[in-house]
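Engineer: Structure, please.
(2 chains)
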Amino acid sequence: MPVVRIYTSRLSRMVGTDRKRAIDRLPYIGLDIESVEADSVRVEYSPNRPDFGTDFGIARALRGLLGKEVGLPMFRVHQSGITVKVDRRLSTVRPYIACAVATGLRLDDEDIRQIISLQEDLHNGLGRRRKAVAIGLHDMDAVKAPFSYLAVDSSFSFVPLGERHPRTISSILSDTVEGRTYGGALGKGGVFPVITDSKGTVLSFPPIINGAATMVTTKTKNMFIDVTSTNEKAGDDVLAVVATTLAEAGGRLGRVDVKYPGRTKTTPDLVPSVVPLDQHLVQSVLGMDLSLGEIKKALGRSRLSVKGKNAFAPRYRVDIMHPVDLAEETALGYWFDRIQPIYPASKQPGAFSQYEEYLDSVATLMAGMGMIELMTFELTDPEHLYASFQRPDGPGIRVSDPKSLEHSVLRDALLPTMMAALRTNIKSDYPQRVFEIGRVYSRSKGSVSETMKLGCLVAHSQASFTEAKMFLDSLAVTLGGIETSATAGEHWAFSPGRSARIDTGGSLLGYVGEIKPEAIEASGLGVPVSGFEIDLSVLYEHLK
Amino acid sequence: MASKNLISVLDSVQSRIEVVRSPPELELFRRVSASTTPLSVEKLREGFGSPQEFSAAFGRARGAGWIKVAGETISVVLVADPSGPQTMKTLIDHLSEGKPESDLDDEQASLISDLVKRGVLKREESRNTTVSLTEAGRKAASQTSNEDIVDRLTPEVLSSGSWRGKRLRPIDVEAKAPRFYPGRRHPVRDFIREVRETYISMGFTEVQGDSVHPAFWNFDALFVPQNHPSREMQDTFYLDGLSDVELKRVGTVAKVASTHENGWKTGSRGWGYQWNIEEARRLVLRTHNTVLTVKALAEEKEKERRVFAVSKVYRNENLDYKHLAEFYQMDGIMVGEGLNVRHLMGFLMEFYKKLGMSQVKLWPTFFPYTEPSLEVIGYSKAVDSWIELSGSGVFRPEVTVPLGVKVPVLAWGPGIERLMLIRYGLDDLRSIYGDDLSWLRGRREVARS
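Structural biologist: Below you'll find the predicted structure:
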């Protein structure tokens, strides 16, 4: 989740209230306060509320909540006369561009920091790491309209932001951090998108890097904004957020005609979205008999307006898509903390899952026999699972792109991770007797089957087959009078001649035996270990 | 032999007190009481080594009320209290005979440190190792067992009655006994038990299910768009090369797909993108248990239901003090005509009160599948701060309508580990699943309140 730093004196000035009151309300517009410093707070906001990416947007919402400025914010957009011509060859690479201008700006360092931070958050959120949407901000006085959204080849060169000499497209992609990081976000087509002015000066090579010529500073008075995308709606959404934020920062917005082959589209699109207001739906979701007037007032404080049967939401509110969303906006404007909770008493009794109760009983009995319960991880590493027992790296179930090898393969048995746990406890007193109830995974018919198993290990100088079998038999009998039968059977965890296959009522329950010395040695243990592993679902079937 | 438990070895430091000389005040008293005629102070001073020593002894004996001074012209010294010096006298006699300090009474013992300081007594310390036979050792040693003593009760001794009129050989009852470790359930299991009982007491039915699901049930059915960041491999565990090929765009799946694309009949605009069946087929380790409660909802469309699941969820995380790749969540849903956000708030406050968090705040937040969405924050006295407890909300129509559910559904998905850290006074999530026997064996069964 993105985080934005807000200076409290700036915020209280923008909202027109004291600092404490402004900060106290932040959680009630859905912002999580991450940390509080002497002069600032860091707040986390949802990527679905990109308008909270700057203090401009947060102040706008708080003014509404505190009743200082309510209803739909109005943004005047004048005619700029600027056009952008789109090259048809970009239709397979990065087809869409939406633009706006903001003039008459007087930005200070903090204004610029806020806007750049919003740009980064939009790139990562709605922009899906620039793949879907990328934003360019430019000092418009350094270039001359009209502009072109042009397809070029990899030998095309220009001076990228932060450099003094021209670089080719191919050099930018292979030799710069930005190129290597975001090159993958470019569509394939053999051509590359650049935005140029009427004299051929490069404004941007989206979504990689801007040109050096149009860098934004505190001296920038007039700004040109380009938003390129692979999804036209997402591009329009992002431009709406950026343009309205610049308007809050004092900019006068101007529209731009984007000339696609065969059509012209005027941007930015700041037309409010319309959602039918369903009074009954709002009442039933909130459980309050609010009058239409109360709902309208609350929606106004959430910066929406109601006209007739419809509510109008500002264009930057990309999260509003259904009439039910008006219920939450009403609750926010009404103030969430004013809503009275009701505890709904139950009309019917609850019920445990019988199977979970059974697992719980198994744990109680095993503990009663003197065992400590372990909970090892289901995702483990191939070293524990296979190598320690000299098993081949079978058809294990692996996860894609695990953050660490330690959690990369789903276990197919409990004993390996339990042995790994004993390895970390060699300094603890012996005898050690442990058990685990856990899920194991195996491949079945192109899919995955999951089984609950019980594993048990006893480790001490006298640990033997007989002790392990005593615990297994005693559990089965105590649990439900289940008799088991043992026949000699080999298992990869146990020494040959010291392991048995355990059956009950004609089904395989599991294996019991003495852990083979190779595995004991691999785990660094100095005492013999015996144990068993059984299928708890099979045992459960025989209980019924 | 000590390791075979036949003998016990006891190291001890012993101290002995030696009498260097008789205390001068005691000498002075003897002379006063032995004299047949009253002695003048001048006369009494004779025979003392130095005038300082006499003055000190005279002052002590007089101050303690043993002697008194009388007479008008010539001062004479008389006995004032014949039994006055008795305590000191007994002490000196006792120590001179080499008897142990431990036999002295408190009054006598209280004089020692002053006398040591004055050089009348001298303390000498010596280290001693005492070796004694244990019960087993005595048994082994004494074939020449006393007729009147029974070593231990055995079935034979009991059945023959040979113990009658005899006593059992005394054993060293103060020796240290070996440590025993009782078997114990995992603290996570005990905590889950408490959560389950809490749910049951509030009328909930428990469900359980697999950990592996097609992304469809984990994400799509919950209206999480296919390009949502939480669906990326860096957050979610996808099973390498595995997908549910049975999943087809028919029935519920088709309704969900259309809802993503254009809102279908839910009244929503939808996310506005081309939904892809391949993405929905990929198998994932569930990232929340709402997948279990939602499936229960899709399978049985009862009008009134309360369902919960306490199970593991999985996230592709690097492990650190506040992140685990596998952990437990205790998700629940409440279905019923007329349920609303106030009921959600009321339930959550009651639920956390039962789990020991009486101060709870509810703040608005965002989740793709709920509207409104609330975050539950609780005050922990143990760590003196507000902590995040759970996400919650009312299921969006985009979730319920395609599943054929026509009544409101309240949902929440709290973790359990954060509450456990507070309960056990830990600050690292990894310690809960560290499988450290010293903690699992040693943790207190009864928490300090």
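Engineer: For the rest of this, base every contact and every neighbour count on C-alpha atoms.
Structural biologist: OK.
Engineer: Which strand or helix spans B:Glu42?
Structural biologist: Using DSSP states H and E, B:Glu42 maps to helix B:41-45.
Engineer: For that helix, name the packing helices and strands.
Structural biologist: For helix B:41-45, the packing partners by 3 or more CA pairs under 8 Å, 6 or more residues apart in numbering or on different chains; DSSP states H and E come out as helix B:24-34.
Engineer: how does it look with 7 Å?
Structural biologist: With contacts defined as 3 or more CA pairs under 7 Å, 6 or more residues apart in numbering or on different chains; DSSP states H and E, helix B:41-45 has no helix or strand neighbours.
Engineer: which of the residues in that helix are buried?
Structural biologist: B:Leu44, B:Arg45 (16 or more other CA atoms under 10 Å in any protein chain shown).
Engineer: and after it, which helix or strand comes next?
Structural biologist: helix B:51-63.
Engineer: In that following helix, which residues are buried?
Structural biologist: B:Phe54, B:Ala57, B:Phe58, B:Arg60, B:Ala61, B:Arg62.
Engineer: ditto for stretch B:383-401
Structural biologist: Neighbour counts over stretch B:383-401 (16+ other CA under 10 Å) mark B:387-401 as buried.
Engineer: now stretch B:102-116
Structural biologist: B:Gln108, B:Ile112, B:Val116.
Engineer: Give me the contact list for that stretch.
Structural biologist: B:Thr87, B:Met88, B:Leu91, B:Leu121, B:Lys122 (CA atoms under 7 Å, 6 or more residues apart in numbering or on different chains).
Engineer: Of the residues you listed, just say which sits nearest to A:Ala486.
Structural biologist: B:Lys122 (76.6 Å; CA to CA).
Engineer: where's the closest residue to the closest one other than its chain neighbours relative to chain A, distance?
Structural biologist: Distances taken as CA to CA, 6 or more residues apart in numbering or on different chains put B:Glu18 closest to B:Lys122, at 5.1 Å, once the chain neighbours are dropped. Per CA to the nearest CA, to the nearest Å, B:Glu18 is found 48 Å from chain A.
Engineer: who's in contact with A:Thr103?
Structural biologist: Residues near A:Thr103 by CA under 7 Å, 6+ apart: A:Lys221, A:Asn222, A:Met223, A:Gly251, A:Arg252, A:Leu253.
Engineer: hmm, 6 Å instead?
Structural biologist: By CA atoms under 6 Å, 6 or more residues apart in numbering or on different chains, the contact set of A:Thr103 is A:Asn222, A:Gly251, A:Arg252.
Engineer: ok, what's across the strand from it?
Structural biologist: A:Arg252 (DSSP bridges).
Engineer: Go ahead and confirm A:Ala59 touches A:Gly16.
Structural biologist: No: using CA atoms under 6 Å, A:Ala59 makes no contact with A:Gly16, being 9.0 Å away.
Engineer: higher neighbour count, those two?
Structural biologist: A:Ala59 (22 against 15; other CA atoms under 10 Å in any protein chain shown).
Engineer: For the nearest residue to that one once chain neighbours are set aside, give its distance to A:Ser447.
Structural biologist: Excluding its sequence neighbours, the residue lying closest to A:Ala59 (CA to CA, 6+ apart) is A:Val15, at 5.2 Å. Per CA to CA, to the nearest Å, A:Val15 is found 57 Å from A:Ser447.
Engineer: No further queries at this time; thank you.
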